[in-house]
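[1] Task: produce atomic coordinates for the following.
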Amino acid sequence: MKKLMYIFLVLSVLTGCKEKKDAGAMKGMPTLAISVAKPIVKDITLTKDYPGYLTTEKTVNLVARVNGTLRSVSYVPGGRVKKGQLLFVIEPTLYNDKVAQAEAELKTAQAQLEYARNNYSRMKEAVKSDAVSQIQVLQSESSVTEGVAAVSNAEAALSTARTNLGYCYVRAPFDGTISKSTVDIGSYVQPVTLATIYKDDQMYAYFNVADNQWLEMSMNNQQPTKELPKKIMVQLGKEGTESYPATLDYLSPNVDLNTGTLMVRANFDNPQGVLKSGLYVSITLPYGEADHAILVKEASIGTDQLGKFLYAVNDSDIVHYRHIEIGQLINDTLRQVLGGLSPQERYVTEALMKVRDGMKIKPIP
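    Residues are numbered from 1 along each chain as shown. So this is what the prediction gives:
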């Protein structure tokens, strides 16, 4: 028993020495050097981001409007074409023959009209000397009327024949990018879509804004709801790696009852044709201004079960945990602070894992 008590006594002495040693080591630890800064105060533009999608300014299906064998396809699928460029040729032989036939029928009708007019003139002279009867004069006048109608019909038939012949040659209606052909050369085609052409030198970005958000934006801008902000930014993809300045040009006149949103459209230039219809984009829409906004580094803000926080540093260089209310993110680096921090206070800008509430630090501006 005495031996066991002696062992416990020795252990207690050793433990006490270790605690004193650890306490002495903690007391002698150097104060950590931590980067701190004061918030940036400046005027900012308040924005909201909305998902959207792109469409081309015009999308036209090139449709075969006559029947016949497809003779040629004169473009590179997926490439760019010029306005008026010949793209498809549908067997024109039959339609050339119909044009020639219509031209011949028109000439015949014109000749018959000329004969009827001359005959009518002679009849009017002959009736003065009673050489012909009044009935014969009326008949010759009727022949002239029939001749005029026959010429009109022949002209219409020739116009139709020429139009159908023109449909044999399918041309680009504007500059743009064209899809691959849906019909192979040598196939017999009827009225069907041959390809689709996209006028993509200008793009439209469509997105939806909740009706209450749009009303709030309009009130912040002190504009009627029919007025649109002039300039916005369109970011390509979810990461927004590429941005394009755009102009709003359309606001839906009604709210969609199913979604409670307004459709909005923006247009912007796409001179190189890089952007394609159907691409996902993010639209940054300005809705107001914030004067003297308090901005801190986004990296200095932490998150816990209570929300967002940062570490404020007082005049004695003591760190204090501070819950804050955040707002707008600016340029992906600065975050607006709506409450919890004053412009004169300092805060820890980095190394959040190294500091704790109540800790004394050596601040590095």
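[2] Hmm, residue 357 is touching residue 322, no?
    No. Using CB atoms under 8 Å, residue 357 is not in contact with residue 322; the gap is 9.2 Å. C-beta: built from backbone N, CA, C; applies to glycine.
[3] ok, these two, which is more surrounded?
    Neighbours per residue (other CB atoms under 10 Å) separate residue 357 from residue 322, with residue 322 holding more: 18 against 11.
[4] Could you measure from the more buried one over to residue 39?
    According to CB to CB, to the nearest Å, residue 322 stands 12 Å off from residue 39.
[5] picking up where we left off before, any shared contact partners between residue 357 and residue 322?
    Between them, residue 357 and residue 322 share these contacting residues under CB atoms under 8 Å, 6 or more residues apart in numbering: residue 311.
[6] Now do the shared contacts for residue 322 and residue 39.
    With contacts defined as CB under 8 Å, 6+ apart, the residues adjacent to both residue 322 and residue 39 are 341, 347.
[7] Stretch 64-75: end-to-end distance?
    Looking at stretch 64-75, the gap from its leading to its trailing residue is 16 Å under the measure CA to CA, to the nearest Å.
[8] Can you give the contact residues for it?
    Applying CB under 8 Å, 6+ apart, the external contacts of stretch 64-75 come out as 81, 85-92, 94-95, 164, 167-168, 170, 178, 181, 183-194.
[9] Same check on stretch 244-262?
    In contact with stretch 244-262 (CB under 8 Å, 6+ apart) are residues 205, 208-211, 214, 226, 228-236, 263-269, 275, 283.
[10] first vs last residue of it, how far apart are they?
    Note: stretch 244-262 ends 22 Å apart using CA to CA.
[11] mean confidence score for it?
    On average, the pLDDT along stretch 244-262 is 88.
[12] If you count neighbours, what's buried in it?
    Neighbour-count burial for stretch 244-262, with 16 or more other CB atoms under 10 Å as criterion, is recorded at 244, 246, 248, 261-262.
[13] Off-centre distance for that stretch?
    A distance of 12 Å separates the centroid of the chain from that of stretch 244-262, by CA atoms, centre = their mean, to the nearest Å.
[14] Likewise for stretch 318-335?
    32 Å.
[15] Now do the same for residue 173: its pLDDT.
    Residue 173 is given a pLDDT of 95.
[16] contacting residues for it?
    If a contact means CB under 8 Å, 6+ apart, then residue 173 has 60, 83, 197 as its contacts.
[17] rewinding a little: put the buried members of the contacts of stretch 64-75 into a PyMOL selection.
    Selecting in PyMOL just the buried members of the contacts of stretch 64-75, where the criterion is 16+ other CB under 10 Å, is done with this command:
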select buried, resi 81+87+88+89+90+91+92+95+164+167+168+170+178+181+183+189+194
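[18] Go through the contacts of stretch 64-75 and flag which are in strands.
    Among these, DSSP state E puts 81, 86-90, 170, 178, 188-189, 193-194 in strands.
[19] farthest pair in those?
    The widest separation within these, taken as CB to CB, falls between 81 and 188 and amounts to 24.7 Å.
[20] Tell me the predicted confidence for the residue nearest to the spatial centre of the chain.
    The chain has residue 205 as the residue nearest its centroid, 2.0 Å off, counting by CA atoms, centre = their mean. The predicted local confidence for residue 205 comes out at a pLDDT of 93.
[21] rewinding a little: what subset of the contacts of stretch 244-262 is buried?
    Buried members of the contacts of stretch 244-262, scored by 16+ other CB under 10 Å, are 205, 208-209, 211, 214, 228-229, 232-236, 263-268, 275, 283.
[22] Among those residues, which lie within strands?
    205, 208-209, 232-236, 263-268, 283.
[23] Next one: residue 87 from residue 102, what distance?
    Counting by CB to CB, the gap from residue 87 to residue 102 is 26 Å.
[24] need the helices for the stretch 151-300 of the chain, in chain order.
    For the stretch 151-300 of the chain, the helices defined by DSSP state H, counting those that start in this stretch occupy 211-221.
[25] Where does the prediction get shaky in the chain?
    Scanning the chain for pLDDT under 70 picks out the ranges 1-29, 216-230, 237-241.
[26] From the contact counts, what lies against the longest strand anywhere in it?
    Secondary structure of the chain per DSSP E: the longest strand is strand 40-63. Counting contacts by 3 or more CB pairs under 8 Å, 6 or more residues apart in numbering; DSSP states H and E, strand 40-63 is packed against strand 176-178, strand 193-210, helix 211-221, strand 280-297, strand 325-330.
[27] In TSV, list those along with distance to residue 351.
    Compiled in TSV, the helices and strands packed on strand 40-63 are given as follows (distance: least, CB to CB, whole Å):
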stretch	distance to residue 351
strand 176-178	51
strand 193-210	40
helix 211-221	38
strand 280-297	12
strand 325-330	20
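[28] most tightly surrounded among these?
    Per-stretch averages of neighbours, counted by mean count of other CB atoms under 10 Å, single out strand 176-178 among these, with a mean of 21.
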